[in-house]
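> What shape does this take:
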Amino acid sequence: MTRLNPQPVPAEIEAAVGRTIADLGAAFSGVLVNIGRRLGLYKAMAEIGACTPEQLAESTGIRERYVREWLNNQAAGGYVRYEPESRRYTLPAAQAMVLAIEDSPVYMAPAFEVAASFWLDEERILETFRSGEGLGWHEHNERLFCGTEMFFRTGYRTHLVADWLPALGGVIERLQAGARVADVGCGHGASTIVMARAFPESEFVGIDYHADSIATACRRALDAGVDNVRFEVATANDYGGRNLDLVCFMDCLHDLGDPMGALVHARDALKQDGKVMLVEPYAGDAVEENLNPIGRLFYAASAMACTPNSLSQDVGLALGAQAGEEKLRRLARQAGFRDLRLATRTPVNLVFEILQ
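This is a model prediction of the structure:
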């Protein structure tokens, strides 16, 4: 019998064990990040500063013995700073921006809700791996929907109006004067509401096939007090409306079974000089360009949610969350658009303007 791999040397074994222990530590600790967010432990630490377990327990109403164990886990992971002399723990200001301050431009704590939903859906995804069949977005655990909304909302609130829309030539002027906009795959409506609030002269419609998400989006709009937005249950290939100034695909085109059909429909729905804004996960064109922490994150999301959703729909192109610019450009041209231009980027997103 021929060995396909040579025997590893001890240093290689040690490194492999070390990587696995680090990942196990992250996996085990993710639920404690969620617990810290839901119980208000991070917020309390951001407010009171350096504290003992007893002080944090008293301020949050949580049992001290549990608080102590939670703090030690957070300190071991580098999220919290521990001072042995005073037995006090501090949430550093930068970490507070990520975990405690909800209107921070880098607030990320809700992403652990998405991780929780993936574990809860493990058995169903296991079967899709074996069968090759898909699993629709609507079939996932509901924690995926809320976690995705809260996580993406940070980026939309920070970048959408300030950076992304201005990077599309002439769009801001149209929106200020009064434009008609469709936000395809809107989910709970986070991006649609951000735009509607910023541009009261324009009319916005959020589109999603998931009826429960549309119901939530309607409630979110009511709570936000915006009256220039509506939401409708429809697919990316059959929503109504013509003579649109702008069609947006926010982190969703790669999820669709027929992304080319969705782009064809968008082109038909646009005015002659209308524009498409395409927001996609940050990715290079080659696999080796994506072998990094961001790529690892998005390949996992792609395997658990994006690719299964695409395979559950007609065509089932399964573009994947790491498609890259050139693959998206080919798709846009096949759909009848002239070209695709990279308008701007963030560490986690690429923002494209699709040109007629």
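
> just for the chain, where's the confidence low?
Within the chain, the segments meeting pLDDT under 70 span 1-4.

> The longest helix seen in it: what's the following helix or strand?
Counting by DSSP state H, the longest helix found in the chain is helix 10-38. Scanning forward in sequence from helix 10-38 by DSSP states H and E, the next helix or strand is helix 41-48.

> Quick check: nearest residue in space to residue 96, chain neighbours excluded?
Of all residues not flanking residue 96 in the chain, residue 46 sits nearest, at 4.2 Å (CB to CB, 6 or more residues apart in numbering). The C-beta positions use only the backbone N, C-alpha and C, and glycine is treated the same way.

> doesn't residue 91 make contact with that neighbour?
Yes: counting by CB atoms under 8 Å, residue 46 touches residue 91, with 5.6 Å between them.

> intersection of neighbour lists for the two?
Contact criterion CB atoms under 8 Å, 6 or more residues apart in numbering; residues shared by residue 46 and residue 91: residue 100.

> Counting neighbours, go ahead and name the busier of these two.
A direct count of neighbours by other CB atoms under 10 Å for residue 46 and residue 91 places residue 91 higher, at 28 against 19.

> quick one: contacts for the more buried one?
Residue 91 neighbours (CB under 8 Å, 6+ apart): 42, 45, 46, 79, 80, 81, 99, 100.

> Tell me if residue 352 really is in a strand.
Yes: under DSSP: H, G, I helix; E, B strand; the rest coil, residue 352 sits within a strand.

> neighbours of it, just the number please.
25.

> swap in residue 137?
The burial count for residue 137: 24, using other CB under 10 Å.

> ok, it - contacts?
Taking CB under 8 Å, 6+ apart, we find residue 137 in contact with 144, 209, 210, 255, 305, 309.

> ok, so what distance separates it from residue 211?
The gap separating residue 137 from residue 211 is 12 Å, by CB to CB, to the nearest Å.

> Work out for me the element the residue most central in space within the chain sits within.
For the chain, the residue nearest the mean C-alpha position is residue 152 (4.4 Å; CA atoms, centre = their mean). Assessed by DSSP H and E, residue 152 sits inside helix 143-155.

> Ok, residue 192 next?
Using DSSP H and E, residue 192 sits in helix 190-198.

> can you list contacts of that helix?
Contacts with helix 190-198, where a contact means CB under 8 Å, 6+ apart, come from 149, 152-153, 156-157, 160-161, 165, 175, 181, 183, 186, 202, 204-206, 217, 220-221, 224, 226, 228-229, 231, 248, 250.

> Now restrict those to buried residues only.
Neighbour-count burial (16 or more other CB atoms under 10 Å) applied to these gives 149, 152-153, 156-157, 160-161, 165, 175, 181, 183, 186, 202, 204-206, 217, 220-221, 226, 228-229, 231, 248, 250.

> residue contacts, the nearest residue to residue 273 once chain neighbours are set aside?
Nearest residue to residue 273 in three dimensions, chain neighbours excluded: residue 356, at 7.3 Å (CB to CB, 6+ apart). Going by CB under 8 Å, 6+ apart, residue 356 touches 267, 270, 272, 273, 274, 275, 337, 338.

> Where does the fourth one fall, secondary structure wise?
In this structure, residue 273 sits in strand 270-281 according to DSSP H and E.

> which strands and helices sit next to that strand?
Secondary-structure packing of strand 270-281 (3 or more CB pairs under 8 Å, 6 or more residues apart in numbering; DSSP states H and E): strand 244-250, helix 259-269, helix 293-301, helix 325-334, strand 349-355.

> Show me what that strand pairs with in its sheet, parallel or antiparallel.
Strand 270-281 has these partner strands in its sheet, going by DSSP bridges: strand 244-250 (parallel), strand 349-355 (antiparallel).

> Show me the helices in the stretch 101-250 of the chain, by range?
Applying DSSP state H, counting those that start in this stretch to the stretch 101-250 of the chain gives helices spanning 111-120, 122-131, 143-155, 171-177, 190-198, 211-224.

> most packed of those?
Highest mean neighbour count of the helices of the stretch 101-250 of the chain: helix 190-198, a mean of 24 (counted as mean count of other CB atoms under 10 Å).

> Can I get the buried part of the contacts of residue 91 as one ChimeraX selection?
A single ChimeraX command selects the buried members of those (16+ other CB under 10 Å):
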select :42,45,46,79,80,99,100
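
> just to revisit the earlier point, out of the helices of the stretch 101-250 of the chain, which comes closest to residue 288?
Nearest of these to residue 288, taken as CB to CB: helix 122-131 at 24.0 Å.

> what's that closest one in contact with?
Helix 122-131 is contacted from outside by 118, 133, 134, 135, 139, 303, 304, 308, 311, using CB under 8 Å, 6+ apart.

> measure the closest residue to the fifth one other than its chain neighbours to residue 134 for me?
Just to be clear, that refers to residue 139. Leaving aside its chain neighbours, residue 139 sits nearest to residue 124 (7.2 Å; criterion: CB to CB, 6+ apart). For residue 124, the distance to residue 134 (CB to CB) stands at 11 Å.

> can you check residue 91 too?
To residue 134, residue 91 is 41 Å away according to CB to CB.

> ditto for residue 223
Counting by CB to CB - residue 223 and residue 134 are separated by 33 Å.

> Closest to residue 242 out of the contacts of residue 356?
residue 270 (8.5 Å).

> mind listing what the closest residue to the closest one other than its chain neighbours touches?
Excluding the flanking residues, the one nearest residue 270 by CB to CB, 6+ apart is residue 244, at 5.2 Å. Residue 244 makes contacts with 180, 181, 182, 269, 270, 271, 274, as judged by CB under 8 Å, 6+ apart.

> Thank you kindly, that will do.
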